[in-house]
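Peer 1: I need the structure of the sequence given here:
(6 chains)
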Number of protein chains: 6
Amino acid sequence: MRVSQRAANEMRRVSFERNIIKHAEGSCLIKFGDTHILCTASIEDRVPVWIRHSGKGWITAEYSMLPRSTKERTRREASTGKQNGRTLEIQRLIARSLRSVVNLQELGERKIILDCDVLQADGGTRTASITGAWVALYDCLSYMQTKKLLTRKKVLKHHIAAVSCGIVNGLPLLDLDYEEDSSAQTDANFVMTDDEGIIEIQGSAEKKPFSQEELTSLISLASRGISHLIAMQKLAIL
Amino acid sequence: MRVSQRAANEMRRVSFERNIIKHAEGSCLIKFGDTHILCTASIEDRVPVWIRHSGKGWITAEYSMLPRSTKERTRREASTGKQNGRTLEIQRLIARSLRSVVNLQELGERKIILDCDVLQADGGTRTASITGAWVALYDCLSYMQTKKLLTRKKVLKHHIAAVSCGIVNGLPLLDLDYEEDSSAQTDANFVMTDDEGIIEIQGSAEKKPFSQEELTSLISLASRGISHLIAMQKLAIL
Amino acid sequence: MRVSQRAANEMRRVSFERNIIKHAEGSCLIKFGDTHILCTASIEDRVPVWIRHSGKGWITAEYSMLPRSTKERTRREASTGKQNGRTLEIQRLIARSLRSVVNLQELGERKIILDCDVLQADGGTRTASITGAWVALYDCLSYMQTKKLLTRKKVLKHHIAAVSCGIVNGLPLLDLDYEEDSSAQTDANFVMTDDEGIIEIQGSAEKKPFSQEELTSLISLASRGISHLIAMQKLAIL
Amino acid sequence: MRVSQRAANEMRRVSFERNIIKHAEGSCLIKFGDTHILCTASIEDRVPVWIRHSGKGWITAEYSMLPRSTKERTRREASTGKQNGRTLEIQRLIARSLRSVVNLQELGERKIILDCDVLQADGGTRTASITGAWVALYDCLSYMQTKKLLTRKKVLKHHIAAVSCGIVNGLPLLDLDYEEDSSAQTDANFVMTDDEGIIEIQGSAEKKPFSQEELTSLISLASRGISHLIAMQKLAIL
Amino acid sequence: MRVSQRAANEMRRVSFERNIIKHAEGSCLIKFGDTHILCTASIEDRVPVWIRHSGKGWITAEYSMLPRSTKERTRREASTGKQNGRTLEIQRLIARSLRSVVNLQELGERKIILDCDVLQADGGTRTASITGAWVALYDCLSYMQTKKLLTRKKVLKHHIAAVSCGIVNGLPLLDLDYEEDSSAQTDANFVMTDDEGIIEIQGSAEKKPFSQEELTSLISLASRGISHLIAMQKLAIL
Amino acid sequence: MRVSQRAANEMRRVSFERNIIKHAEGSCLIKFGDTHILCTASIEDRVPVWIRHSGKGWITAEYSMLPRSTKERTRREASTGKQNGRTLEIQRLIARSLRSVVNLQELGERKIILDCDVLQADGGTRTASITGAWVALYDCLSYMQTKKLLTRKKVLKHHIAAVSCGIVNGLPLLDLDYEEDSSAQTDANFVMTDDEGIIEIQGSAEKKPFSQEELTSLISLASRGISHLIAMQKLAIL
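Peer 2: Numbering: from 1, shown residues only, chains lettered A, B, ... in the order given. Here you go, the predicted structure:
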């Protein structure tokens, strides 16, 4: 049995609170159990140098943990003077994932920045960030439609959501919390669309190699979890 | 009349939510109207080099604005690679203020770090930070007492709270919001104790010099606002 | 009695040496007793981004202590790779103070940079910097008038000078030297104009809160000291 | 047909040159076609703080591209002052992969650093780095055995090698070169052991989501390529 | 007798391998004994700000040691976040030397960047870098002539090569290896042209002052070594 | 004729002012014409890691130009966040030069830091720094002798001084000012002892290669200038 009393294929309690920051064009406070992340979407009129004059838009992401979102206080990256490798890796993943479901041509020469700030962490912060950032992005694009900044309807091609799975004590589990994640022998993150297309898959053997069969069982758990998350996204934006 | 319909000597709606971050030894979400700040207090066993082996403790503070806490998105300091002058100035002020009411000798060789992260900004973030950090610090010290880390009762010598005042269109006003702050001709921040002792005073002529009489009227507004804030702190920690 | 034999309301010996650096448009070596600061004013043709095309000018300041200006050698900020919080706070104060007495509209789209480099420190470096920078700025503006870069006469609206005061062993004292500053229970800096308008006031309780009455007595000392400094400035620019 | 005339499941020409740097405890120049990487293994006596006094060893990796290893010259990270996100992500992957097949307990309190410097790049630099670093690590461990720094035989638990696969114009291909990688709709990297255990899997939809079936076909290509690479490693260390 | 069995005025075995990096406009792997350096020349269309619109070109250099090019592993400058003084000094020397023999006016508004990456170090890396960079530069200029980017023939005015000499145990020696360099009492580097013109001379007394006569004997050794190097360059570019 | 009316072998007016900074163990304001440099010597009790427990001392130097020491204002290195290549090269030269005449064994495990801050620059700042730093160092060592920190007399083995020479319009000149330096075809710096031993020699062909004969004539000018400087040092320390 899991410490949290959840079944192996059961998600933690998930919630979305929209419009939580008055200044942002889109914002969402997402919770996966005790993991709480504040996601905002902001529009900027400048695009990166390499797509200037292409008529195309761009999407980037930034990820950060508040110092005391973690069990032991983590040093603030603004104070150490640089973002560490884990931070950069996660924000590259968030941006790549969301970019893959946006019709960048339709955005016009604008950048949308997705900020994911972890207020409290208990495992799964990168997957919750992606799931919550989708909602902030959705609201930002709706705002742009209201303001006539977008001309076509279908700028956002799919829902996406993300979840982590892992093998803990030999058992495949869905949506690991921090304790489970720390003792997992294999740990994997999945980003998928509402029609079960895979956007990103990242699996690591933490303790011993895993087999193709184990991978398949993790994919199947992830697929179930992501369906649930996307159903909740749909309710949240009703 | 103020845009917010407040009287010249009226504070915005203030609220405190304690124990908002499960990992922290003390935490408080403070709101001064639309200014929302998450304050946490964390204990560390290392003290700065210059007080090692003195038996004394220390208190520091860090301040940061989430990128979209502001009207226009602000660049993340972790990404620019350094904290700007305003940030450093504010965190020095927060630390100095709280340090002045703690009996550092009683802390033992420990450091308490006060993190003030602005989720949403609408003026007065430094004063709200100080007022909320006091509550996080209070809870942290209570936790230490429960854990027998402190032996004496009176580690915290006073309540303190802080508020901004300013002269806008010739009129002295209490607790400026962002719009008022932007057009103020004089802008001042005050930190005071529950027995009206002054801890910090910082006043700047933004547009033209101010007189001693004007300063006196600002101090008197501040004194009123701070009494109100300290009364609310007392309710919050009941 | 003060160690220096000064009366409570007596300034240290003050002197101004103008035109000390041949390349600068304005320069002044100011001395408050053993505090020696080299101030220069330099014209640049670029203004900050946010006022470009406004026709307005701007004033900034940089402050630095030579490594051995202090009793113990201080690490060079160029070598540590960043300016610390105290440095940034002081240079923001110097710039804000001088900017408040210049008619920026009349400057044209130009920036004047005030560099204050502390050659030897014995307390009061920020206030001596402001007082000396005013002279360097005055000479720079005269140079600009000679070169027909300015069309109107009254670009500089006021004299300003600055001084520190504090409460030491319960007594309010004017113009603290390093030893006095280290043992002060309250420490305050004042910037005022020649007609007693207040430009900046910054007071901190170092050891215990101070009262309004104590603040009033410090303001009155400061006012006296600043009158003296402005009288000396007037002599220096004759 | 592939531009290089290779079959879909055909690797580029691979070679290993050992002992190429006289100072290093292990070194290998690995080539995957026109991708050339110099891998070295270095022993250090210091381990990271968090495993000190645990008796355990550690393995880290650093990855860098020479400025002109790329088609257009890339700015040197030593000169920009920081390693970018891609670099950090790759060196985390290399270290994690190699660490997973070493018995860290047997290393003693020592760190082995794997440096992978790309002399010439034509796609697949991260997978070639892992494959070559294994050989450098093998030689380093042999050196340690010779020097009696290791007591047990089985410090290295498995061979590992890595390869990239992708879907290009709808076809799954093994070992992408730069041109293929740039136009792939899905791009994946695999790290596996000599008994087909999976160590790392990272797949990204660059243009449209991919299906589980597509993933399976990529795994099967990777498995074939990695068997070939490990067979070549075995020859190289004979 | 020298440890390497060389005569006092004998160079180590020198070799040049051209066109070693397929992407670069010019490249050369130069070896002075066990010192191995990869030199590339890259063309960029941007020149430094201060020569823009002058029609002139520019030449810069970057120098770096791979971490394990040295006996003990050296920390990677990309990871420490800055290039140290020795690196900056060497790359300034390389650039200055090569710039002195190029007709910058004939280059057009282009920059050539010479990257010298030390794969293996055994003394004399800066002088080998200059000698090898000349060949990479030569090939780059030939490429530009082929592409009709240069109109005149004589862009490169001279051959240059460089060598170190030193006084070891009282004896002047040519082309010091690492061991000799470490124990030299005087150490000097020379850059000269094919007609014995001096481009750079840098001599340091490591242990005791040297005399004019000693300097003369070092110049004469250097002159002999450089003649040999230039003869080898001529063979290499045949 | 030189613009300054000096003969080819004539130094600018040189002066030394000792004990100019009250906190420093040694200090000297040196002037070579309009080049003014403040040199201080500071004792620290920590030596670099690599000589710890060797009983030996060490000498380092730091060099910096005040922003407005130059004709056009130079950006402050503390503000750009790093010391540039020229600065690092100069401070390495100053330290190496002074270290070569100190008996480091006699210093004990202490470091002396020589700070050379250029107040006003008109060519020759590095050579004036060395010449002035010698005096600051001399006073620092005397202070140490007075305080019984040194046991032996002969810690300082030689006087040293430094001067620049160059070939301008075909003529060898001594002690170049800024204008001469800018138009020199060859520029060289020399550091020598009181018995004409050479400590450092650095010569660069700025425009065309120079010959051995030209080098000899520069050495002979330098030797004359340095004799003069050392005579003045001797007067200064009487």
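Peer 1: going forward, measure contacts between C-alpha atoms and count neighbours the same way
Peer 2: Fine.
Peer 1: Now the nearest residue to A:Ala184 once chain neighbours are set aside. Its backbone dihedrals?
Peer 2: Leaving aside its sequence neighbours, A:Ala184 sits nearest to A:Val168 (C-alpha to C-alpha, 6 or more residues apart in numbering or on different chains; 4.5 Å). Per-residue torsions, A:Val168: phi -120, psi 130 (degrees, to the nearest 10).
Peer 1: quick one: pLDDT of A:Val168?
Peer 2: A:Val168 carries a pLDDT value of 96.
Peer 1: beta partners of it?
Peer 2: Counting by DSSP bridges, A:Val168 forms beta bridges with A:Leu171.
Peer 1: Residues of chain A that sit close to chain F?
Peer 2: Applying the criterion C-alpha under 8 Å from any C-alpha of the partner chain, no portion of chain A neighbours chain F.
Peer 1: what about the strands in chain A?
Peer 2: Remark: strands assigned in chain A by DSSP state E are A:14-18, A:26-32, A:35-44, A:58-65, A:111-120, A:160-168, A:171-174, A:186-193, A:198-205.
Peer 1: Pick the most buried one from the ones you listed.
Peer 2: Mean neighbour count (mean count of other C-alpha atoms under 10 Å in any protein chain shown) peaks for strand A:160-168 among the strands of chain A, with a mean of 28.
Peer 1: how many neighbours does A:His23 have?
Peer 2: Look at A:His23: counted by other C-alpha atoms under 10 Å in any protein chain shown, it has 19 neighbours.
Peer 1: that older thread, to E:Met1, which of the strands of chain A lies closest?
Peer 2: Of all the strands of chain A, strand A:198-205 sits nearest to E:Met1, with 57.1 Å by C-alpha to C-alpha.
Peer 1: which other residues reach that closest one?
Peer 2: A:97, A:100, A:185-193, D:100, D:198-205, D:208-212 (C-alpha atoms under 8 Å, 6 or more residues apart in numbering or on different chains).
Peer 1: Likewise for stretch A:176-185?
Peer 2: In contact with stretch A:176-185 (C-alpha under 8 Å, 6+ apart) are residues A:121-124, A:164-170, A:187, A:205-208.
Peer 1: What is the neighbour count of whichever residue of chain A sits closest to chain E?
Peer 2: Going by C-alpha to the nearest C-alpha, chain E is nearest to A:Lys82 of chain A, at 10.1 Å. Applying other C-alpha under 10 Å, we find 19 residues neighbouring A:Lys82.
Peer 1: Is it in contact with A:Leu88, as I believe?
Peer 2: No - counting by C-alpha atoms under 8 Å, A:Lys82 stays clear of A:Leu88, with 10.0 Å between them.
Peer 1: Show me which parts of stretch A:213-220 are buried, residue by residue.
Peer 2: A:Glu214, A:Leu215, A:Ser217, A:Leu218, A:Ile219, A:Ser220 (16 or more other C-alpha atoms under 10 Å in any protein chain shown).
Peer 1: give the contact list for A:Glu109.
Peer 2: A:Asp45, A:Arg46, A:Val47, A:Arg52, A:His53, A:Ser54, A:Gly55, A:Lys56, A:Gly57, A:Trp58.
Peer 1: okay if I get these as CSV plus pLDDT and distance to chain C?
Peer 2: Below are the contacts of A:Glu109 laid out as CSV (pLDDT from 0 to 100; distance: C-alpha to the nearest C-alpha, whole Å):
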residue, pLDDT, distance to chain C
A:Asp45, 92, 16
A:Arg46, 91, 15
A:Val47, 94, 19
A:Arg52, 92, 21
A:His53, 91, 23
A:Ser54, 92, 26
A:Gly55, 90, 26
A:Lys56, 94, 26
A:Gly57, 96, 24
A:Trp58, 97, 24
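Peer 1: Distance to D:Ser129 added to those residues, as TSV?
Peer 2: Formatted as TSV, the contacts of A:Glu109 follow (distance: C-alpha to C-alpha, whole Å):
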residue	distance to D:Ser129
A:Asp45	39
A:Arg46	36
A:Val47	33
A:Arg52	34
A:His53	37
A:Ser54	35
A:Gly55	38
A:Lys56	35
A:Gly57	34
A:Trp58	31
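Peer 1: what is A:Lys111 paired to in the beta sheet?
Peer 2: A:Glu44, A:Trp58.
Peer 1: Assess the claim that it and A:Asp45 are in contact.
Peer 2: Yes - using C-alpha under 8 Å, A:Lys111 is in contact with A:Asp45, at 6.3 Å.
Peer 1: Near chain D, which residues of chain A are found?
Peer 2: Close to chain D, as judged by C-alpha under 8 Å from any C-alpha, chain A has residues A:85-86, A:88-89, A:92, A:100, A:192-193, A:196-212.
Peer 1: and the residue of chain A nearest chain C?
Peer 2: For chain A, C-alpha to the nearest C-alpha, closest residue to chain C: A:Gly81, 10.1 Å.
Peer 1: contacting residues for A:Ala188?
Peer 2: A:Ala188 touches A:Ser164, A:Cys165, A:Gly166, A:Ile201, A:Gln202, A:Gly203, A:Ser204, A:Leu218, counting by C-alpha under 8 Å, 6+ apart.
Peer 1: Hmm, I typed the wrong one, I wanted A:Thr35.
Peer 2: Going by C-alpha under 8 Å, 6+ apart, the list of residues near A:Thr35 reads A:Val118, A:Leu119, A:Gln120, A:Ala121, A:Asp122, A:Gly123, A:Gly124, A:Thr125, A:Ala128.
Peer 1: In this structure the fifth one contacts A:Arg12, no?
Peer 2: No - judged on C-alpha under 8 Å, A:Asp122 makes no contact with A:Arg12 at a distance of 11.0 Å.
Peer 1: tell me, what's touching those two both at once?
Peer 2: Between them, A:Asp122 and A:Arg12 share the contacting residues A:Gly33, judged by C-alpha under 8 Å, 6+ apart.
Peer 1: re the thing from before, between the buried residues of stretch A:213-220, which is closest to D:Met1?
Peer 2: A:Leu215 (31.4 Å).
Peer 1: Apart from its neighbours in sequence, what residue is nearest A:Leu29?
Peer 2: A:Leu38 (4.5 Å).
Peer 1: wait, that neighbour sits on A:Leu114?
Peer 2: No - with contacts counted by C-alpha under 8 Å, A:Leu38 stays clear of A:Leu114, the gap being 10.2 Å.
Peer 1: what residue of chain A is the furthest out?
Peer 2: In terms of distance from the mean C-alpha position of chain A, A:His53 ranks first, at 29.8 Å (C-alpha atoms, centre = their mean).
Peer 1: Check the spacing between that one and chain D real quick.
Peer 2: Going from A:His53 to chain D by C-alpha to the nearest C-alpha, to the nearest Å gives 21 Å.
Peer 1: swap in A:Trp58?
Peer 2: 14 Å.
Peer 1: who's in contact with the spatially most central residue of chain A?
Peer 2: Residue closest to the mean C-alpha point of chain A, counted by C-alpha atoms, centre = their mean, is A:Ile130 at 1.2 Å. By C-alpha under 8 Å, 6+ apart, the contact set of A:Ile130 is A:Ile94, A:Ser97, A:Leu98, A:Ile160, A:Ala161, A:Ala162.
Peer 1: contacts with chain C among the contacts of A:Thr35, please.
Peer 2: Applying C-alpha under 8 Å from any C-alpha to these, none is adjacent to chain C.
Peer 1: Rounded mean pLDDT for the longest helix seen in chain A, please.
Peer 2: Of all the segments of type helix in chain A, defined by DSSP state H, the longest one is helix A:212-236. Here helix A:212-236 scores 97 as its mean pLDDT.
Peer 1: Which strands and helices lie in contact with that helix?
Peer 2: Contacts defined by 3 or more C-alpha pairs under 8 Å, 6 or more residues apart in numbering or on different chains; DSSP states H and E place helix A:212-236 against strand A:14-18, strand A:160-168, strand A:171-174, strand A:186-193.
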